[in-house]
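1. Quick one: sequence plus predicted model below, questions after.
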Amino acid sequence: MSLLKDFKDFAVKGNVIDLAVAVIIGGAFGKIVSALVADLIMPVVGLVVGKIDFSNLFFVLGDMPAGTPRTLEALKKANIPVLAYGDFLTITLNFLILAFVIFLMVRMIAKLKRAQPEEAPPPPPTPEDVLLLREIRDSLKR
């Protein structure tokens, strides 16, 4: 029974729930960045460097049978070994954009934390001997 109680205490803690939310949002954000890279950035980069489709950049590592179209999809279907570096370039760019956006978010949060005025800690309670001396002083003044 103790194992279930310990697991419940662990699962209900705020950090675990925060982590679960972060993983879900991160997965969705990763899909957004993937779509941004694949559908918006890579076509523009391909247009700038000469209408290259990055998904079809590859080196053939084996012998190509005659009549096989020279596309990545056709070569993979024919089980011809290829080094498909175009997908790697796209995924690397995807990672760099995602890392940069996360860096900007962390940096912004750090700035916001520094900009917030910190509350002054409450003054320490006055020691009892000081209170007693004040009472004596006040009674001597009267």
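-> That came through, no problem. Numbering: from 1, shown residues only.
2. Return the set of buried residues in stretch 66-76.
-> 72, 75 (16 or more other CB atoms under 10 Å). All C-beta atoms are positioned from the backbone trio N, CA, C, and that covers glycine.
3. per-residue confidence for the residue sitting nearest the centre point of the chain?
-> Centroid-nearest residue in the chain, with CA atoms, centre = their mean: residue 102, separated by 4.9 Å. Note for residue 102: predicted pLDDT of 81.
4. Then the one 4 residues further on?
-> As predicted, residue 106 sits at a pLDDT of 83.
5. Off-centre distance for the helix or strand containing it?
-> In the assignment (DSSP states H and E), residue 106 maps to helix 85-115. Put simply, helix 85-115 sits 7 Å off its chain's centre (CA atoms, centre = their mean, to the nearest Å).
6. Which elements pack onto the next helix or strand along the chain from that helix?
-> Using DSSP H and E, the helix or strand that follows helix 85-115 towards the C-terminus is helix 128-141. The helices and strands touching helix 128-141, judged by 3 or more CB pairs under 8 Å, 6 or more residues apart in numbering; DSSP states H and E, number zero.
7. then helix 128-141 to CSV, C-alphas only?
-> The C-alpha coordinates for helix 128-141 follow below in CSV (Å, rounded to 0.1, in the frame of the first residue of the first chain):
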residue,chain,number,x,y,z
GLU,A,128,13.4,41.8,24.0
ASP,A,129,16.2,43.6,25.8
VAL,A,130,15.8,46.6,23.4
LEU,A,131,12.1,46.7,24.1
LEU,A,132,12.8,46.7,27.8
LEU,A,133,15.3,49.5,27.5
ARG,A,134,12.8,51.6,25.5
GLU,A,135,10.2,51.1,28.3
ILE,A,136,12.7,52.2,30.9
ARG,A,137,13.6,55.3,28.8
ASP,A,138,10.0,56.2,28.3
SER,A,139,9.2,55.9,32.0
LEU,A,140,12.3,58.0,32.9
LYS,A,141,11.1,60.8,30.5
